[in-house]
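> Quick one, structure for this:
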Amino acid sequence: MATERGAIRTPDQRLRVFVSSTLRELESERKAVRTAIGRLRLAPVMFELGARPHPPRSLYRAYLDQSDVFVGIYWESYGWVAPGETVSGLEDEYNLADPRMPKLIYIKASEKRDERLRQLIDRIRSDDSVSYISFATDRQLSELVASDLATLLAERFDDSRTERPARHGEGKREPGDHLPPEPAPAMKPEPRARRTPGTAPVAMSELAPPELAPPELAPPEPPMLDPAPLNAARPIPPTYSPLIGRDHEVADVVDLLRDGSHRVITLVGPGGVGKSRLALEVLDRAKHDFADGGYFVPLENVLEPRLLLPTIAYALGVRDTGEVSLEQRLGIALADKRVLIALDNFEQIIEAGPTLVKLYAIAPSAQFLVTSRTVLRVRGERVYDVEGLGVVDDDASFDEARMAGSVQLFAARASAVRPDFTLDASNAETVARICATLQGLPLAIELAAARMRVLTPQGMLERLDKTLPLLVGASRDLPERQRTLRSTIEWSANLLGERERALLFDLSVFSLQFTLEAIEALGAERSWGGTELAGLDALVDNSLVRQHEVEGHPSYSMLVTVREYALEKLRETGQETAMRDAHARYYLQLAMRLGPELKGAGQVDALARLERERSNLRAAVRHLVYQGEHDSAADFAWNLLVFWWIGGFFGEVRIWMKELLDSGAAISERARAIARFYVLWMGMWQGPTQEVADGLEEVRRVFESLGDDDGTAVVLGTTAMTRAQIPGADRVEARAELTKAIEIFQRLGDGWGEAVAWVTMGRIDMVEGDNDAALEHYRHGAEVSQRTRDAFAITITEHHMARLLLFQNRLDEAEPAFVDAAYVSATLGHLEGAAYGIEGLCAIAAVRGQAERAGILAGAAQEMRKKSGMYDTPLFVYHQKYLEPLRKAFPELMRGAEERGGRMRASDVMRFALPPDKQEQAAAALAGK
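Below is the predicted model of the structure:
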């Protein structure tokens, strides 16, 4: 019987993406997918939007018929089978989807999948019209969906331009492959085979005549790729609405960058004038002029000039683990890179101008786009003044008014909160007067437009005419435009309820983004406690707070100018210190709670949570140090030792701890010992000496006297590592220290510490030439790390063990260990560890005579080294000696292979290097790197 199908339409007729999955088990994943679809301005079709947990077949068929793309997310549950049906709604949705509709399938790894879901997935894998890929985390899924949809749209656009039928996957790459399109070649391109799901791309090799290729050579050849970008830990922030009224300014600044005469372009203007948004637009428009991309570095919560380089390194994905100076690492990463680096809110660290000039030499091909309220006055700077948006006189015509940038912005924001609002001849003059009153300041206009939910333009103008002059006159010590903006913010705040206003002021102690859990914790003793959600709704509605989703988790932020106003008001109440104390206490408790999770099976989740909170962790430690809460600051730093190490934040922590030591204040023995440890840690890597070892021994005695077994064991292992690197040092003593450390770690059940200690023991064995003992110790470490499921320890132990097996020519044993090291490192997003594993696989390929594969892996590993700023130390760069015979025998083949490997993205390297069962999860974790 035919069923009438109701139409679904979005107001702007965007492409619709139908999302199929079970609901409860994949709730966070569905949020991540919805966020990814929204970023591309597409419309998600998801049944929870209509609160229908078990929609009738006719309903989801109607939705399917009017959708453009099918996205399936599958994990463990097959889903509910309705009475009288033979399949679940999940499978029925897949069956009913139009065969011509592009299908993108995402499968979350699991070992306990429902049998019927397993059968469905097997059927999907055999369908060559479907693109499928595995994923591990919400973040990976969000990135994959956004990338796949963008690729799909690009393919369809290409198809339409050549008047070809829009058939998904025909003669092209599929979403999920994540390979950039081929550059237009001067000669006929090499044919590319269609990708079989689950395998790497395959093509014929033309690098060398068949008779020159080694007999065992049979690797797939990756397509020629665009040069890989730097390993950006932070993508350019998305912009959710078009930039209005700035076409002229964008063109001006892009032209200045293209001219290349100036190393620094500084966008100067008052707060709220739109410098940051302008910089983002310029970054997007100019990125194609910079072969290696653009990076946006927010400096909003950076208050110490010394933190400029660590902050830039973090944004570029360069880790500071202490082995060499951060300047050297940045020099490696940026040496030959043509990049545009945007530094936002530089006025907070204006004294760091000389450091920026120093970057000219570190990054000779880079240019810098800076936003600041004041001129930097450094060599190579070109200042560009940013004014308010255009306004018109009172006697302007309707056409003149509607063309003004300020009026266009007001109209766009007003219609967003009040869909029936239209700019016409009856209200254009009033809107133009509102914008002129607000002096064309974008933020002021947005705050005013947010009130259009309850006011008419005339009503708003009357209120502004009455209140704004009084508010502006109350702050005559500020420049006129800044007074206008501040007064607009105050006007918006005064229209809030008392609790909502108090919440706004209290939120000013947070840095960058913050979570609902953190807000609730701080509200325990505040007037707004218990009403957070209602208060946040009001602040978001009035554009004073912004809401985001990060990996499916809700978070909030405030613009710098709004935060400055709110912090000033909080200060006037005398409650700033109390709120900062509460903020620091919450993040100290978070550090104490998550610290143990950083060792063992919970490591990946704990790292992700701490990464999301990094800016607030920084603010909390800084407050504790400045307030003289030295014991708390030291505890904070000590509990997150593994986070600082994996994340590469040791240089920043060292700055805080050195401030603590140099403060001259009376601090406890334990706090001083922790601070000295972090300072000596850098010495252990960068210049191991007997003085460093003696200092660590003093720290260890303090921990022992306090009965701190964990601290004692950590410092024992660090001291032993230091001794092992000092020429002529007493390694007997180092072994004794490690033996004692292992005993303590075993007693405490600390698998992470024990595994690292076994590795250190093995390294001493290798220095002394006892490879059998070293292998035994590495295997002990590997067993412990696997038993405790500590991902980072697995990468360390597996790599050391694999390297020694390679040296002993035990290739069949070394290969799976290198694979594990590369795979687990990739799932952690740890590019450095992944590169070590790839170098090992490169050496194995070279020994086996697989010249092309070895060359590709060598070039890929070298590029990964540059991206992460890895330095070349003989201890780890061992694969080169295995390549030399092949370079001599097949110079052209090897040169071409290494060049091609150097153009591969890290995600594609994983697909090329790893076995099929590990390719997609590793590739997804490194997507975009």
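> all contacts plus neighbour counts: C-alpha atoms, from now on.
Fine.
> Check the burial of His113 by counting its neighbours.
Heads up, residue 113 is Arg, not His. Per other CA atoms under 10 Å, the neighbour tally for Arg113 reads 16.
> what does Leu857 give?
By other CA under 10 Å, neighbour count at Leu857 equals 30.
> Could you check how far it is from Asp292?
According to CA to CA, to the nearest Å, Leu857 stands 21 Å off from Asp292.
> pLDDT below threshold where in the stretch 1-150 of the chain?
Residues of the stretch 1-150 of the chain meeting the criterion pLDDT under 70: 1-14, 47-60.
> Just the strands from it, written as ranges.
In the stretch 1-150 of the chain, the segments counted as strands under DSSP state E, counting those that start in this stretch are 16-20, 43-45, 69-74, 103-108, 130-135.
> could those strands be laid out in CSV, adding mean neighbour count and distance to Pro305?
Formatted as CSV, these follow (neighbours: other CA atoms under 10 Å; distance: least, CA to CA, whole Å):
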stretch, mean neighbour count, distance to Pro305
strand 16-20, 23, 46
strand 43-45, 23, 43
strand 69-74, 22, 45
strand 103-108, 21, 43
strand 130-135, 24, 39
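> Put together a markdown table for the ones you listed, with distance to Lys658 on each row.
Below are the strands of the stretch 1-150 of the chain laid out as a markdown table (distance: least, CA to CA, whole Å):
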| stretch | distance to Lys658 |
| --- | --- |
| strand 16-20 | 52 |
| strand 43-45 | 50 |
| strand 69-74 | 49 |
| strand 103-108 | 44 |
| strand 130-135 | 41 |
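> Out of those, which is closest to Gly628?
strand 130-135 (45.1 Å; CA to CA).
> The closest one to strand 103-108, inter-axis angle?
20 degrees (axes from the mean of the first three to the mean of the last three CA atoms, to 10 degrees).
> And stretch 110-125, what's buried?
For stretch 110-125, the neighbour count (16 or more other CA atoms under 10 Å) marks 113, 116-118, 120-121, 124-125 as buried.
> Among those, which lie within helices?
Secondary structure defined by DSSP state H assigns 116-118, 120-121, 124-125 of these to helices.
> quick check, nearest of those residues to Ile362?
Using CA to CA, Arg125 comes nearest to Ile362 of these, at 48.2 Å.
> hang on, isn't that closest one packed against Ser134?
No - using CA atoms under 8 Å as the test, Arg125 is too far from Ser134 to be in contact (11.7 Å).
> Quickly check the ones in helices among the buried residues of stretch 110-125 for the two that are furthest apart.
The span of these, defined through CA to CA, is set by Arg116 and Arg125 at 14.3 Å.
> returning to that earlier point: could the buried residues of stretch 110-125 go into TSV alongside distance to Thr719?
Formatted as TSV, these follow (distance: CA to CA, whole Å):
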residue	distance to Thr719
Arg113	47
Arg116	55
Leu117	53
Arg118	51
Leu120	55
Ile121	52
Ile124	55
Arg125	53
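> dump the residue contacts of the nearest residue to Arg731 once chain neighbours are set aside.
Nearest residue to Arg731, sequence neighbours excluded (CA to CA, 6 or more residues apart in numbering): Ala724, at 6.2 Å. By CA atoms under 8 Å, 6 or more residues apart in numbering, the contact list for Ala724 reads 731, 734, 764.
> Sketch out the low-pLDDT regions of this structure for me.
1-14, 47-60, 155-235, 240, 321-323, 467-483, 551-552, 869-876, 928-929.
> List the buried residues of the longest helix anywhere in it.
The longest helix of the chain (DSSP H) is helix 138-161. For helix 138-161, burial by neighbour count (16+ other CA under 10 Å) applies to 138-149, 151-152, 155-156, 159.
> again with stretch 613-622
Going by 16+ other CA under 10 Å, stretch 613-622 has these buried residues: 613, 615-622.
> Please apply the same query to stretch 718-737.
718-726, 731, 734-735, 737.
> can you pull the contacts of Arg731?
720, 723-724, 764.
> Including secondary structure and distance to Asp820, could the residues you listed go into CSV?
Formatted as CSV, these follow (DSSP: H, G, I helix; E, B strand; the rest coil; distance: CA to CA, whole Å):
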residue, secondary structure, distance to Asp820
Ala720, helix, 27
Arg723, helix, 30
Ala724, helix, 27
Ile764, helix, 24
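> need the residues you listed in a markdown table with distance to Leu607, can you?
Output for those, formatted as a markdown table (distance: CA to CA, whole Å):
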| residue | distance to Leu607 |
| --- | --- |
| Ala720 | 27 |
| Arg723 | 31 |
| Ala724 | 30 |
| Ile764 | 30 |
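> Closest one of these to Glu815?
Minimum distance to Glu815 across those is 23.4 Å, recorded for Ile764 (CA to CA).
> measure the residue nearest to the closest one when sequence neighbours are not counted to Arg116 for me?
Closest residue to Ile764 apart from its sequence neighbours, by CA to CA, 6+ apart: Ala724 at 6.2 Å. For Ala724, the distance to Arg116 (CA to CA) stands at 56 Å.
> One more: Ile674?
Using CA to CA, we find Ile674 at a distance of 55 Å from Arg116.
> How about Val324?
53 Å.
> now Leu369
Between Leu369 and Arg116 the distance is 55 Å, computed by CA to CA.
> Then Val702?
60 Å.
> Kindly report the same for Ser276.
51 Å.
> now Ala315
If you go by CA to CA, the gap between Ala315 and Arg116 works out to 44 Å.
> What of Met101?
Met101 is 24 Å from Arg116, by CA to CA.
> same question, Ala444
Distance from Ala444 to Arg116, by CA to CA: 57 Å.
> Then Tyr63?
Taking CA to CA, one finds Tyr63 at 24 Å from Arg116.
> and what of Leu811?
40 Å.
> And Pro364, by the same measure?
Distance from Pro364 to Arg116, counting by CA to CA: 58 Å.
> What of Asp127?
Distance, Asp127 to Arg116, using CA to CA: 17 Å.
> Secondary structure element for Leu343, which one?
strand 340-344 (DSSP states H and E).
> contacting residues around that strand?
Contacts of strand 340-344 (CA under 8 Å, 6+ apart): 276, 279, 283, 287, 290, 293-300, 366-372.
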